[in-house]
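Peer 1: Got a sequence here, can you build the structure:
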Amino acid sequence: MKNIYFLRHGQTELNRKGVHQFPDTPLSDKGRRQAGAIARKLEDVPIDIIISSPLERAKETADIVAGVLDKKVETNANLVELRRPRELWGTSWFSPKSLWIMGLLYWRIGDDWHYGDEENLIDFYHRGKKALESISNMKEENILVVTHRGLMANMISRIKGDGLDTIKQNRIGLWKNLEIKNCCYLKTTWTEEGEWGETLNGTWTLEKGSFCP
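Peer 2: From the prediction side, this is the model:
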């Protein structure tokens, strides 16, 4: 059995302002304090390894936690946030252009439609599956995953369905991702395939509630 903890990165200034972020957006001072606080909460949690999204805000969070726990950090490109169209980077979530483009991406999911250079929700859905598969195949038993709110919602949706969820369920889950606050983590467990039946690469269980700094 594996114990896997999914941690959202700390706050950034663009988070606070409700702006689509750049890949190299760093943590704010508050985000660094949040990362330090959650690291102290994790000192009594058994962690063998930390894996992180390579985006700056997640990697910076992971490095702060790793410094407290004295663990190494590995990056995994499957853990990055839903990639928005480049032309939205630095613009408000609530600008007319953002609402129009993101609305189209959510509601045209069945068409496998692209507006531009973004990742659509079908792409994101399949990447979430790859992320969980890569984590379940790791040799370590206690894994801290530092990632982003959207991807956490993606994976939570799949875990709740034990890997048998649908794209529709994934879309609904993404709408609920505002519940995942900065530097809050969730605990899941994974057991070998076959122990509890035929499921996606084993059986996933999600503990109720989250732990926040």
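Peer 1: And the longest helix seen in the chain, what's buried?
Peer 2: Longest helix in the chain, counting residues (DSSP state H): helix 121-136. Neighbour counts over helix 121-136 (16 or more other Cβ atoms under 10 Å) mark Leu121, Ile122, Phe124, Tyr125, Arg127, Gly128, Lys129, Ala131, Leu132, Ile135, Ser136 as buried. To be clear about C-beta, it is placed using only N, CA and C from the backbone, and glycine gets the same treatment.
Peer 1: Next: stretch 106-118.
Peer 2: Ile109, Tyr115, Glu118.
Peer 1: Convert the C-alpha atoms of it to CSV, please.
Peer 2: Extracted in CSV, the C-alpha atoms of stretch 106-118 (Å, rounded to 0.1, in the frame of the first residue of the first chain):
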residue,chain,number,x,y,z
TYR,A,106,-15.5,23.7,-20.8
TRP,A,107,-18.6,23.4,-22.9
ARG,A,108,-17.1,22.1,-26.2
ILE,A,109,-15.2,19.3,-24.4
GLY,A,110,-17.1,16.7,-26.4
ASP,A,111,-15.7,18.1,-29.6
ASP,A,112,-12.0,17.7,-28.5
TRP,A,113,-11.8,21.4,-29.6
HIS,A,114,-8.8,23.8,-29.3
TYR,A,115,-9.0,27.5,-29.3
GLY,A,116,-5.2,27.9,-29.8
ASP,A,117,-2.1,26.6,-28.1
GLU,A,118,-3.9,25.5,-24.9
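Peer 1: Closest one to Ile4 out of the buried residues of helix 121-136, please.
Peer 2: Nearest to Ile4 out of the buried residues of helix 121-136 is Ile135 (Cβ to Cβ; 6.0 Å).
Peer 1: for the chain, which spans come out with low pLDDT?
Peer 2: Within the chain, the stretches with pLDDT under 70 are 161-178, 193-202.
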